[in-house]
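Asker: sequence below, structure please.
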Amino acid sequence: MTLSDQVAIVTGGGRGIGREIALALARAGARVAVLARSRGELEETAALADPGCPPLLVVPADMTDATAVHGAVARVHDRFGPATLLVNNAAVYTPGEPPLWEADLDSWWGDFETNVRGPLTCLRAVLPAMVAEGRGRVITVSSDSGVLPYPLSSYSFGKSALVRLTETLGISLDKAGSGVRTFAISPGAVRTRLTEPFAVKFPDMRWTPAEYSGRLVVDLASGRYDELHGRYLSVNDDLDRLLDRLKEIRDEELLVQRMRAYGPDGVVTTNWE
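Answerer: Reported below is the predicted structural model:
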């Protein structure tokens with residue numbers, strides 16, 4: 001598989017999952033820019049690229065600062081051309097966060113805003129060029145904590161919002177005939193600086209290798225699985241099997257929609273247009 005025609009932007013590319021995704025994309029031939037606040041960590045990522053891979057472009061930026069993000073995207077464009085792939089990975093997590101009714105709301109909302117406003121800011125910066133080019137993919141790193149019944153936290157709330165963003169943005173892009181595809185992915189339980197408190201609390205926890213996220217992103221970037229766009233996918237999913245079952249899955253989803261759209265007397269209660 002080669003991604004030599006791809007220009008990728010990976011946020012939070014200085015460590016952990018973002019680093020593994022950036023390196024995997026570079027190994028597949030993509031021209032990769034890594035974005036994060038820490039230049040030092042980004043340079044460490046760039047230094048780990050395999051010999052022979054296209055050099056990674058280091059672009060320090062605050063993902064919630066629209067001016068900084070637009071400037072970073074302009075730098076990528078000047079160096080590599082318009083981005084064809086955005087990987088929204090940057091996130092923050094506050095361990096030991098108190099329940100909502102005891103939390104400081106400003107602090108709680110600050111974490112949520114970073115985890116949601118950051119991806120939105122990056123989308124606003126890259127989507128105009130993608131839509132104009134008629135191609136592109138957005139892959140957003142979410143979490144099972146955003147789709148399963150985990151206790152509420154600013155992190156889980158934000159990750160849930162990102163899954164819904166992926167679904168609804170995909171519909172909007174389809175209606176516009178843009179050719180841009182969206183995906184949300186679950187990396188599993190990956191041991192990183194973000195999750196280190198869990199490693200201390202649960203020493204027998206089974207961790208998912210971060211390399212799995214890199215493999216999944218490369219697969220999705222290839223275009224082979226574009227029919228699955230708008231969906232939440234796990235690093236443990238068999239994408240080929242999902243493709244084989246796609247018509248069955250869509251039929252089941254349509255049935256649920258129709259059951260919700262029609263009242264007991266058969267009258268339409270929801271306008272799906």
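Asker: center of this protein, which residue is that?
Answerer: Nearest to the geometric centre of the chain sits Thr140, at 1.0 Å (CA atoms, centre = their mean).
Asker: now do the contacts for the residue nearest to that one when sequence neighbours are not counted.
Answerer: Among residues not flanking Thr140 along the chain, Asn88 sits closest, at 4.2 Å (CB to CB, 6 or more residues apart in numbering). Any C-beta I mention is one placed from the backbone N, CA and C, and that applies to glycine too. By CB atoms under 8 Å, 6 or more residues apart in numbering, the residues touching Asn88 are 11, 118-119, 122-123, 138-141, 162.
Asker: can I get those in TSV with secondary structure and pLDDT?
Answerer: Formatted as TSV, the contacts of Asn88 follow (DSSP: H, G, I helix; E, B strand; the rest coil; pLDDT from 0 to 100):
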residue	secondary structure	pLDDT
Thr11	strand	97
Gly118	helix	94
Pro119	helix	96
Cys122	helix	97
Leu123	helix	97
Val138	strand	98
Ile139	strand	98
Thr140	strand	97
Val141	strand	95
Leu162	helix	96
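Asker: narrow these to those that are buried.
Answerer: Buried by 16 or more other CB atoms under 10 Å: 11, 118-119, 122-123, 138-141, 162, out of the contacts of Asn88.
Asker: which of these lies closest to Pro187?
Answerer: Val141 (6.0 Å; CB to CB).
Asker: would you confirm that that closest one contacts Ala91?
Answerer: Yes: with contact defined as CB atoms under 8 Å, Val141 counts as touching Ala91 (7.2 Å).
Asker: for Asp46, what are its contacts?
Answerer: Asp isn't right for residue 46; it's Ala. Going by CB under 8 Å, 6+ apart, the list of residues near Ala46 reads 34, 55-58.
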